[in-house]
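Trainee: Model the following, please.
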Amino acid sequence: MLFRRRSLAVKYFIALFFGAVAYNEWIIYVVQPIYWQHMKCPHDDKYCTKIMFIADPQIQGEMAVPPPLSYLFNWDSDRYLGTTFKIALKYFKPDILVYLGDLMDEGSIATMTQFHSYVRRLSNIFEVPYPIIQVWLPGDNDIGGENEPIRRDKLEEFNKVFNQPSIITYRNISFYKVNGITHSFPHAKGDDNYKIVVSHYPLLRKSVFGKQVNDAIHPNIYFCAHEHKSKYFIKDENLRNIFTRYIRPGDEILNINHNEENIYEIYVPTCSYRMGTQTIGYGAAVLVHNDHHLHYTVLWSPRRFPSLFTYAVVLIIAILYMFIFCLSRVILRCMVVKNSDSTQPLLIQTS
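Mentor: Predicted coordinates:
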């Protein structure tokens, strides 16, 4: 009877383990797109363009956590980023990908060998199965500049690895890559394209540099990252703040008209679960009607820490069960030995 109970408990535990794995590694990702806002191009708009923004993946390096734990942490983080990215890519089918910096967590302090190994990991995580325009920007964790000096060698290496011009044009859209770390930016070309300024650092809160960028480029909209939060600012033509709003799961799609006099700066949230925030995902923008309207939302990713907590609970239950099982076997064996000793007949010697 005891054996049957133990066998049944083992079966329940195995079912619990595989159920947790199936939910956390498959079902949760299949279900997540149900909660995303519907973002597609109109059938009659041949110039419609879809843009996906990837902000602050900050893949973990080799120094934050010593091995062998670093191998496990990096594997799980990379796998999570790759899975959520592929699901968002398959759902949204963007024409352009914009990486808003802080691609690596230790890029600025890594050796060149480590730096290139992180680049290879990034290419494996954000692998795209079809030709696509990609815009790459450095962040302070890639080249320094926030709490440490700017690493010129890393800036040069970043530009070599992600070799592309500072203005990237697709159809009638121009992306202006502004570096708020080095305070450098390209000047506007003489065209009527829809101008999008992309930067790792927020720009419009820096009154002097932001005004320089705005006066030189006159962009239609700004996109930035760095703060790991999802929100947007609306400013007037003098860059005075009018309105600030956070974008949260369940919010309606943000609609921006081309003829608005106000200036929008949209903060794209981090896509990594390691950044200490529960609301993470990928920015998604659609330009429709010959770039006269921009629609924006966030493709929210499922939270990872509850899944890891589930695995921890299952592991603790398994360890406790094995401990209790082994302890009960030891106690039972001791009792059997004691009883056998007490019932053993005495040997009486006779002369």
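
Trainee: Next, the residue most central in space within the chain: phi, psi?
Mentor: When CA atoms, centre = their mean is applied to the chain, the residue found nearest the centroid is residue 271 (1.9 Å). Main-chain torsions, residue 271, degrees, to the nearest 10: phi -100, psi 10.

Trainee: Now do the same contact list for it.
Mentor: The neighbours of residue 271, taking CB atoms under 8 Å, 6 or more residues apart in numbering as the test, are 54, 55, 56, 57, 81, 84, 85, 280, 281, 282, 301. C-beta coordinates here come from the backbone N, C-alpha and C atoms, glycine included.

Trainee: Which parts of the protein are helices?
Mentor: Per DSSP state H, the chain carries helices over the ranges 2-22, 28-31, 69-92, 112-125, 140-143, 152-161, 207-217, 305-343.

Trainee: And this protein, what are its domain boundaries?
Mentor: Following automatic domain parsing, one gets these domains for the chain: 1-35+308-343, 39-303.

Trainee: Can you say which of these is packed in most?
Mentor: Ranked by mean neighbour count, the domains of the chain are led by domain 39-303 with a mean of 18 (mean count of other CB atoms under 10 Å).

Trainee: Do me a favour and get the end-to-end distance for it?
Mentor: 22 Å (CA to CA, to the nearest Å).

Trainee: model confidence over it, on average?
Mentor: In this model, domain 39-303 carries a mean pLDDT of 91.

Trainee: Now do that domain: distance to the chain's middle.
Mentor: 11 Å (CA atoms, centre = their mean, to the nearest Å).

Trainee: Format the helices of the chain as CSV; extra columns: distance to residue 224.
Mentor: Output for the helices of the chain, formatted as CSV (distance: least, CB to CB, whole Å):
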stretch, distance to residue 224
helix 2-22, 37
helix 28-31, 28
helix 69-92, 19
helix 112-125, 20
helix 140-143, 13
helix 152-161, 18
helix 207-217, 11
helix 305-343, 26
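
Trainee: closest one to residue 292 among the ones you listed?
Mentor: helix 207-217 (19.2 Å; CB to CB).

Trainee: residue contacts, the spatially closest residue to residue 184 that is not a sequence neighbour?
Mentor: Leaving aside its sequence neighbours, residue 184 sits nearest to residue 178 (CB to CB, 6 or more residues apart in numbering; 7.7 Å). By CB under 8 Å, 6+ apart, the residues touching residue 178 are 184, 185, 186, 197, 198, 199, 203, 213.

Trainee: one more time with 6 Å, if that's ok
Mentor: Contacts for residue 178 were tallied using CB atoms under 6 Å, 6 or more residues apart in numbering; they are 185, 197, 199, 213.

Trainee: picking that back up, quick one: closest of the helices of the chain to residue 288.
Mentor: Among the helices of the chain, the nearest to residue 288 by CB to CB is helix 69-92 (14.4 Å).

Trainee: Which other helices and strands does the closest one contact?
Mentor: For helix 69-92, the packing partners by 3 or more CB pairs under 6 Å, 6 or more residues apart in numbering; DSSP states H and E come out as helix 112-125.

Trainee: Can you give the contact residues for the helix it packs on?
Mentor: Looking at what lies outside helix 112-125 - CB under 6 Å, 6+ apart - the contacts are 59, 78, 81, 82, 103, 104, 161.
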